[in-house]
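Asks: Predicted model and sequence below, questions to follow.
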Amino acid sequence: MQGNYDEAFRAELRDLMRWRRDVRRFRTDPIEAAVLNRCLSAFSLAPSVGLSEPWRVISVESAEARAAAIANYQSANAAALSGYSDEKAELYATLKLSGMQEAPVHLAVYCDEVTAKGSGLGAGSMPETRAYSVVGAITLFWLAARAEGLGLGWVSILDPDKLAVDLGTPPDWRLIGYLCVGWPEAETDTPELERAGWEARDASLWLERR
């Protein structure tokens, strides 16, 4: 029966989630359009509040737009570094926090916060659920990309207002994620920040009962 999955499938699914990593070290090889389109089709399968499907995906392709995004990151990264001191600053300076220079595909993913689709169902009291819907869609895209052998890096060290100007996005679109997509240099099931000694993953399950 469709929708029933055996233990082997559940193990592979857990493996897929475990091997999903935030990738910052890419090969520059191009991605075939058919492969990328299969991954992007995950957006059409994602849940969204009120079936509003508020995600808006921009493929950042021109040399001018990419240069602006990279300069944006470099400026924001320098500002972030200045917020640390001593050993933390020294470690931060060694981290590779973006694969923007090498990744063949750049996607800026926005939330349309005034979309008429869905007629506002479920978003009246919690309008932020539209943004949550976009995050959920990105997660499905991320897993689909990993299943194809691709890596994805989510760049959050950016000035979203400056990026909106450079990309010419509508004022009611909110930046959710700037994604770099490409073939990873190497595969690992351990987060790079953990390997670098920045932070350790907490494997415990946080659950409160009320």
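Replies: Cool, the structure landed.
Asks: When you work out contacts or count neighbours from here on, use the C-alpha atoms and nothing else.
Replies: Noted.
Asks: where does the protein have low pLDDT?
Replies: Scanning the chain with the threshold set as pLDDT under 70 gives 1.
Asks: In terms of helices and strands, where is the most centrally placed residue in it?
Replies: Most central residue of the chain, judged by C-alpha distance to the mean C-alpha position with CA atoms, centre = their mean, is Trp154 at 3.8 Å. Following DSSP states H and E, the helix or strand that holds Trp154 is strand 151-155.
Asks: And the helix or strand that that strand is followed by, how far out from the chain middle?
Replies: Heading C-terminal from strand 151-155, the first helix or strand you meet, by DSSP H and E, is helix 160-167. The chain centre lies 17 Å from the centre of helix 160-167; the measure is CA atoms, centre = their mean, to the nearest Å.
Asks: Tell me the helix or strand right after helix 160-167.
Replies: Taking DSSP H and E as the definition, the helix or strand right after helix 160-167 is strand 173-182.
Asks: returning to that earlier point: tell me the bridge partners for the residue nearest to the centre of the chain.
Replies: Trp154 has the following beta-bridge partners by DSSP bridges: Leu179.
Asks: any idea how far it lies from Thr115?
Replies: Shown here: Trp154 relative to Thr115, a distance of 24 Å by CA to CA, to the nearest Å.
Asks: All the strands of this protein, residue numbers only.
Replies: Counting by DSSP state E, one finds strands in the chain at the ranges 55-59, 105-112, 151-155, 173-182.
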